[in-house]
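**Q** One predicted model, sequence on top.
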Amino acid sequence: MNIGLFGGSFDPIHRGHLTLAQTAASRYSLRQVLFVPANVPPHKQPLTAFIHRYAMVALGTQDERGFVPSLLEAPASTAAELRSAGPFDSAQGRLRNASVPTQDGVNYSIDTVRRLKRTLKKSDRLFFLIGVDAFRDVAKWREARALLAECDFIVASRPGYSLRDVAESLPEDLRPPAAVSRPFQKQPAQGDLVLPGVTLHLLEGVNQSVSATAIRAAAAQGKPLGRWLDPRVADYVRKHGLYRGERSEK
């Protein structure tokens, strides 16, 4: 079975996230896509409480049968509370995949992938979903070379990026020689890039002008959020007063 892992802060989950996951699931026959809200992502400013971000993910993925809100990176205490409370009702989201191990502290993708793979069958194939902007920093991630070897990467491309940009984002020892990658500068970031120790699937046509920062700023000003968010997520943000205390430039 092909399984996608889509991690992020999801603060909040928006239409851009869902479009990426829907397109990837269709193109690469993903039977499931696990949406994994981070508890403490590296190099990030403080986030909205995990329980709110998890609830928004559950609400935003409710109509997609193969989309699973995951507790892979949930703080252990929160995961225990959710399990004891049972499934959320329709107003609060769904509790699924709760048996997956959780981890407190900073969440590193290599640890998450390894813990997830221990729960999968040997025949399962894991795909890591990521946007090209985030992928540009992948060489700085913890154990980047090992992470790239653990699973295929589906990288959501966008205009302005070339195949060479993607290749040169890899850790130095995985990059093709300059003489090989130089012609890539004229090629858009699309198709597959298969190198020793790494397989990248470049997903074009999913670019949407959606920014979580802009959404939070709009929410702070009490503006409608329907253009960016699933109606149930927008309603959740409004009912819980999320982002109301934030500065618009945050």
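**A** Nice, thanks for sending it over.
**Q** what are the ranges of the helices in this protein?
**A** 15-27, 50-60, 76-85, 109-117, 132-135, 144-150, 163-167, 178-181, 212-220, 231-240 (DSSP state H).
**Q** ranking those by mean pLDDT, which is last?
**A** Ranked by mean pLDDT, the helices of the chain bottom out at helix 76-85, with a mean of 69.
**Q** re earlier: please identify the most buried of the helices of the chain.
**A** helix 50-60 (a mean of 24; mean count of other C-beta atoms under 10 Å). Bear in mind the C-beta positions are built from the backbone N, C-alpha and C, glycine included.
**Q** before we move on, the earlier item: any chance of the helices of the chain in a markdown table, plus distance to Val33?
**A** Below are these laid out as a markdown table (distance: least, C-beta to C-beta, whole Å):
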| stretch | distance to Val33 |
| --- | --- |
| helix 15-27 | 5 |
| helix 50-60 | 11 |
| helix 76-85 | 20 |
| helix 109-117 | 12 |
| helix 132-135 | 17 |
| helix 144-150 | 17 |
| helix 163-167 | 22 |
| helix 178-181 | 30 |
| helix 212-220 | 19 |
| helix 231-240 | 17 |
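**Q** wait, which of the ones you listed is closest to Ala189?
**A** helix 163-167 (5.1 Å; C-beta to C-beta).
**Q** Please state the offset of the closest one from the chain centre?
**A** Averaging C-alpha positions (C-alpha atoms, centre = their mean, to the nearest Å) puts helix 163-167 21 Å from its chain's average.
**Q** what residues does it touch?
**A** Contacts to helix 163-167, defined as C-beta atoms under 8 Å, 6 or more residues apart in numbering, come from residues 132, 135-136, 155, 157, 175-176, 181-182, 184-185, 187-191, 193, 195, 200, 202.
**Q** Report the buried members of these.
**A** For the contacts of helix 163-167, a neighbour count by 16 or more other C-beta atoms under 10 Å gives the buried set as 132, 135, 155, 157, 175-176, 181, 184, 188-190, 193, 200, 202.
**Q** Flag the least confident of these.
**A** Pro188 (79).
**Q** Tell me if I'm right that that one and Glu204 touch.
**A** Yes - applying C-beta atoms under 8 Å as the test, Pro188 and Glu204 come out as touching, 7.1 Å apart.
**Q** what sits in contact with each of those two?
**A** With C-beta under 8 Å, 6+ apart, Pro188 and Glu204 have common neighbours Ser157.
**Q** Rebuild the buried ones among the contacts of helix 163-167 as JSON lines, extending it with distance to Arg164.
**A** Output for these, formatted as JSON lines (distance: C-beta to C-beta, whole Å):
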{"residue": "Val132", "distance to Arg164": "13"}
{"residue": "Phe135", "distance to Arg164": "14"}
{"residue": "Val155", "distance to Arg164": "14"}
{"residue": "Ser157", "distance to Arg164": "13"}
{"residue": "Arg175", "distance to Arg164": "10"}
{"residue": "Pro176", "distance to Arg164": "9"}
{"residue": "Ser181", "distance to Arg164": "5"}
{"residue": "Phe184", "distance to Arg164": "4"}
{"residue": "Pro188", "distance to Arg164": "10"}
{"residue": "Ala189", "distance to Arg164": "9"}
{"residue": "Gln190", "distance to Arg164": "13"}
{"residue": "Leu193", "distance to Arg164": "10"}
{"residue": "Leu200", "distance to Arg164": "13"}
{"residue": "Leu202", "distance to Arg164": "12"}
